[in-house]
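In: Got a sequence here, can you model it:
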Amino acid sequence: MVRVSPLPVQVRCDWFDGRPRAVTLADATMPVVSVAKVRRETAAYPRATGPRTIVEVVTPTARLALSFRHRERRWVIEGIDPDAGGPDGRLRWGA
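Out: Numbers count the residues shown, from 1 in each chain. Sure, this is the predicted structure:
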């Protein structure tokens, strides 16, 4: 997983359990195949950023580390797995 500077995205979540179902970056929407990890930072967190929940998801084209910042109420991408891209190593956003 390669850490990147936070990049804002839109995440569509399940109504009942809150799991991410799709990630939209620019005009491309990727469905979430599975949720690999969930880490809640609600007890110990940097004062400047506030509490957050980090969710590592698997999509058909990439593995992403998404962070939900509770104070700002927004989602950002904080990490991308470069090995989950296409044969040339680039991520394929969309179909």
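In: Could you tell me which residues within whatever helix or strand Arg21 lives in count as buried?
Out: Using DSSP states H and E, Arg21 sits within strand 20-25. Within strand 20-25, the residues that count as buried by 16 or more other Cβ atoms under 10 Å are Pro20, Val23, Leu25. No exception for glycine: its C-beta is placed from N, CA and C like everyone else's.
In: Work out the sheet partners of the top strand by length along the chain and label each with its direction, please.
Out: In terms of residue count, the longest strand belonging to the chain (DSSP state E) is strand 2-13. In the sheet containing strand 2-13, its partner strands are strand 20-25 (antiparallel), strand 74-80 (antiparallel), by DSSP bridges.
In: possible to save those as a markdown table with mean pLDDT?
Out: As requested, the strands paired with strand 2-13 are arranged in a markdown table below (pLDDT from 0 to 100):
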| stretch | mean pLDDT |
| --- | --- |
| strand 20-25 | 93 |
| strand 74-80 | 93 |
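In: Distance to Arg12 for these - can I get that in CSV?
Out: Formatted as CSV, the entries for these read as follows, by distance: least, Cβ to Cβ, whole Å:
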stretch, distance to Arg12
strand 20-25, 4
strand 74-80, 10
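In: between these, which one is nearest to Pro46?
Out: strand 74-80 (13.3 Å; Cβ to Cβ).
In: thought Val9 was touching Ile80?
Out: No: assessed by Cβ atoms under 8 Å, Val9 is found out of contact with Ile80, at 11.3 Å.
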